[in-house]
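A.B. asks: I would like to see how this sequence folds:
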Amino acid sequence: MASLGSSKEDRVEVKENSSVCYFPNKNEVFYNPVQVLNRDLSITMIRQFGETLVKEREEKLKKKEIRKEWLSNDENATISKTGMRHPKKGVKEPNYLAEASEKLSGTDWSAEVDKLHNQRIAWRKAVKDGEEKLPERPPPGLKILDCLAASGLRSMRYFKEIKNVDLVAVNDLDSAAIELAENNIQVNGVDPSVVRTRVGDGTMLCYEARTGVETIRDDPRGKNVVDPDYEISGKFDVIDLDPYGSCAPFTDCAVQAISNGGLLCLTSTDMAVLSGNHVDTCFSKYSAMSMHKSGYLHELALRIFLQSVESQANKYGKHIVPLASFGIDFYIRVFVRVYDSPAEVKKSSTKIGYVYQSTGCPSFHVVPTGTFTGKNYVPTVLNNIADSGGVCAETGRPFKVAGPVWIAPLHSQDFVSSCIKRVEDQEERKEPHAPLPTTKRLHGLLTTAFEELPDQPLYYLLPNLCSTLRCTVPPRPQFIAQMEKLGFKVSAQHKEPDAIKTDAPNDVIWDVLRNWVRLHPISAKRAQKGGETWGGKGGLTASMKILETEPKFLCDFEDLSAKSLKGRKKATRFPMNPEKHWGPKARAVGKRAVDEVEDPKDDGGESR
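C.D. replies: The predicted model follows:
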């Protein structure tokens, strides 16, 4: 542990909820307090995922039990020559899984997780104490890989704050990071045979794990409990990838090393790339074109990233189901389940599409790559764009294209709703080390994500729409209420306070704003001022081009209240940064670089 000094001046102590970590004053290992929310969010998601796995396993067992009972009835089944019971011809089998879910509907799954957690603790203790008669080994718990672990803080919190965990593999390529992680594991009194360290390439560990050959869980004496050097093997239930920069180099191995239905927790901090500042780099990393200065850049970044993960999974007959996807501070964080299902892979073209953005105004169209005809999948016909002659219907300007992007839902509303309840009830549930440090902000983030329209990709910014028209901005509640009065759905977006996410088409949005301008006129000089003009000197601006079209309906914006804003859950939405310079920190320099700085000798032996 040479990298940690013995005196207080040589090290920095950081306490984060359940865990204490010591860091060298030199920037050998990366730690950023901004990421406390990231870790709290991940713990909440994995807690709920673990409970979901227990529920799914019990439902499968109950399903088998119901099917066996149904087939035992001679009125339903017949015995084949091989002695197996099969449904009689013409007899329709019931929906076993639905029946199983109904019979288990009153189960307290949180209590079930507690029960398994306590069984695991008792079994692990019996093995370590060398008892001859071991208690019954509980079903497998969560097997988690922290692939780029750095100090091991995240890994220790996972083990100490998430119930029913079998193993947390702590991996990092930098030996200084793993030295520090081992020291911190010892300081925190964490069992090193359960929270296990490894120095090496995380991608190689994932590629080796993809064979799925288990030597840990299948060992009758539980060597993973008593032998910390026992080889880490088999696929993981949870893989956490939180790199400094892009996650793209790690997704291919991760989708192969995850178990069927397992959870990937992925972070990318290269927002400049995903947001369109470096379109060429984005295409090389994610096989997609980003878009510079798009009003919906935060969500576009998420959708480009999810498309990349889906494409990687599809190569191996797998597909993803996003549980939750977030834009937070300077990074994106997504939680996706990965399933083995070649049949679902065929549907991928309907979940991935392209964004056609007008170059004259904020209007856009989202078009899926493929369409299902009822028999097969065919390329999508661009009817909406073709109807306007291949140009923007509002301004007559051409489109620019971004994508491919993920156009299916970003969140599972049921899952996010369960996570909100879990955060609200964490102390009542007796979650380990509750409450989480960022509970207030975490609750607000989950609430705003839950309130989003799930099936509407991207959004408009109300100030951008009004800036195009050169008009004043209507009060947001009035605008939302007017859209709802017309029969359309409207929501906010979890990252952008000014976002308008709606199922209304472009022309309806502009007609509402045309009515606003009718009630709050702008001068011809103002409409002409600013923006690109078309048709030479004195030509039309975007404002003039849009406003020359009469609205198809009238609206007055009076005596309206937005239904979607009534009765909203109390939550801290869009909080201010807690301190100055709230953002990314410098990259860790690593042990070798620090050693070179401490002894910078050239061939002549002089300090540089």
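
A.B. asks: Could you check how far residue 544 is from residue 399?
C.D. replies: Between residue 544 and residue 399 the computed distance is 20 Å (Cβ to Cβ, to the nearest Å). Quick note: C-beta positions are derived from backbone N, CA and C, even for glycine.

A.B. asks: just residue 319 next, same as before
C.D. replies: Residue 319 sits at a distance of 29 Å from residue 399 (criterion: Cβ to Cβ).

A.B. asks: the bottom helix or strand of this protein by mean pLDDT?
C.D. replies: Across the helices and strands of the chain, mean confidence by mean pLDDT, DSSP states H and E is lowest for helix 223-226: a mean of 45.

A.B. asks: Of residue 319 and residue 399, which one has the most company?
C.D. replies: The residue with more neighbours, out of residue 319 and residue 399, is residue 319; 23 against 20, by other Cβ atoms under 10 Å.

A.B. asks: I'd like the mean pLDDT over the longest helix seen in the chain, please.
C.D. replies: Secondary structure assigned by DSSP state H gives helix 36-71 as the longest helix of the chain. Average pLDDT, helix 36-71: 95.

A.B. asks: repeat for stretch 141-151
C.D. replies: Rounded mean pLDDT across stretch 141-151 is 92.

A.B. asks: Only alpha carbons, please: show it as CSV.
C.D. replies: Provided in CSV are the C-alpha atoms of stretch 141-151 (Å, rounded to 0.1, in the frame of the first residue of the first chain):
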residue,chain,number,x,y,z
GLY,A,141,-27.8,-13.9,-5.5
LEU,A,142,-26.5,-11.1,-7.6
LYS,A,143,-23.1,-11.4,-9.2
ILE,A,144,-21.9,-7.9,-10.0
LEU,A,145,-18.9,-6.7,-12.0
ASP,A,146,-17.5,-3.2,-11.4
CYS,A,147,-15.4,-3.3,-14.5
LEU,A,148,-13.5,0.0,-14.1
ALA,A,149,-13.5,0.2,-10.3
ALA,A,150,-10.8,2.7,-9.5
SER,A,151,-10.8,3.1,-5.6
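
A.B. asks: Start the count at 578 instead of 1 going forward.
C.D. replies: Noted, 578 is the first residue going forward, which turns the last one into stretch 718-728.

A.B. asks: So which other helices or strands are in contact with the one helix or strand residue 899 maps to?
C.D. replies: Taking DSSP states H and E as the definition, residue 899 sits inside strand 895-905. Packed against strand 895-905, as judged by 3 or more Cβ pairs under 8 Å, 6 or more residues apart in numbering; DSSP states H and E, are the following elements: helix 613-648, helix 874-891, strand 908-917, helix 919-922, helix 990-1001, helix 1016-1028.

A.B. asks: Same list (the ones you listed) but as TSV, adding mean neighbour count.
C.D. replies: Formatted as TSV, the helices and strands packed on strand 895-905 follow (neighbours: other Cβ atoms under 10 Å):
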stretch	mean neighbour count
helix 613-648	19
helix 874-891	24
strand 908-917	23
helix 919-922	13
helix 990-1001	19
helix 1016-1028	22
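
A.B. asks: Quick one: these as TSV, columns for distance to residue 1146 too.
C.D. replies: Formatted as TSV, the helices and strands packed on strand 895-905 follow (distance: least, Cβ to Cβ, whole Å):
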stretch	distance to residue 1146
helix 613-648	16
helix 874-891	22
strand 908-917	21
helix 919-922	33
helix 990-1001	8
helix 1016-1028	5
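
A.B. asks: what about the ones you listed, which gets the closest to residue 1077?
C.D. replies: Nearest to residue 1077 among those is helix 874-891 (12.2 Å), distances taken as Cβ to Cβ.

A.B. asks: For that closest one, the averaged confidence score.
C.D. replies: On average, helix 874-891 scores 97.

A.B. asks: quick check, distance from that helix to the centre of its chain.
C.D. replies: Offset of helix 874-891 from its chain centre (Cα atoms, centre = their mean, to the nearest Å): 10 Å.

A.B. asks: Equivalent analysis for stretch 700-718, please.
C.D. replies: 35 Å.

A.B. asks: in it, what's buried?
C.D. replies: 700, 701, 703, 704, 715, 717, 718 (16 or more other Cβ atoms under 10 Å).

A.B. asks: Greatest separation within these: which pair is it?
C.D. replies: Between any two of these (Cβ to Cβ), the greatest distance is 17.2 Å, for 703 and 717.

A.B. asks: coming back round to it: now the angle from the longest helix of the chain to strand 908-917?
C.D. replies: 20 degrees (axes from the mean of the first three to the mean of the last three Cα atoms, to 10 degrees).

A.B. asks: helix/strand/coil for residue 1133?
C.D. replies: For residue 1133, the assignment made with DSSP: H, G, I helix; E, B strand; the rest coil gives coil.

A.B. asks: likewise the one 5 residues further on?
C.D. replies: Under the three-state scheme (three-state DSSP), residue 1138 adopts coil.

A.B. asks: that older thread, the strand holding residue 899 pairs with which strands, and in what direction?
C.D. replies: Sheet pairing of strand 895-905 (DSSP bridges) gives strand 908-917 (antiparallel).

A.B. asks: Using PDB, list the CA coordinates for the partner strand.
C.D. replies: The C-alpha trace of strand 908-917 is given here as PDB (Å, rounded to 0.1, in the frame of the first residue of the first chain):
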ATOM      1  CA  TYR A 908     -22.800  12.700 -18.600                       C
ATOM      2  CA  ILE A 909     -25.400  10.200 -19.500                       C
ATOM      3  CA  ARG A 910     -26.300   7.100 -17.500                       C
ATOM      4  CA  VAL A 911     -28.500   4.200 -18.800                       C
ATOM      5  CA  PHE A 912     -29.800   1.000 -17.200                       C
ATOM      6  CA  VAL A 913     -30.700  -1.700 -19.700                       C
ATOM      7  CA  ARG A 914     -31.700  -5.300 -19.500                       C
ATOM      8  CA  VAL A 915     -30.200  -7.600 -22.100                       C
ATOM      9  CA  TYR A 916     -32.100 -10.600 -23.300                       C
ATOM     10  CA  ASP A 917     -31.200 -13.600 -25.500                       C
END
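
A.B. asks: so how far is it off the chain centroid?
C.D. replies: 5 Å.

A.B. asks: Now do the contacts for the residue positioned nearest the centre of the chain.
C.D. replies: The centroid of the chain falls nearest to residue 911 when counting by Cα atoms, centre = their mean (1.5 Å). Contacts for residue 911 (Cβ atoms under 8 Å, 6 or more residues apart in numbering) come out as 841, 842, 843, 879, 882, 883, 886, 899, 901, 902, 903.
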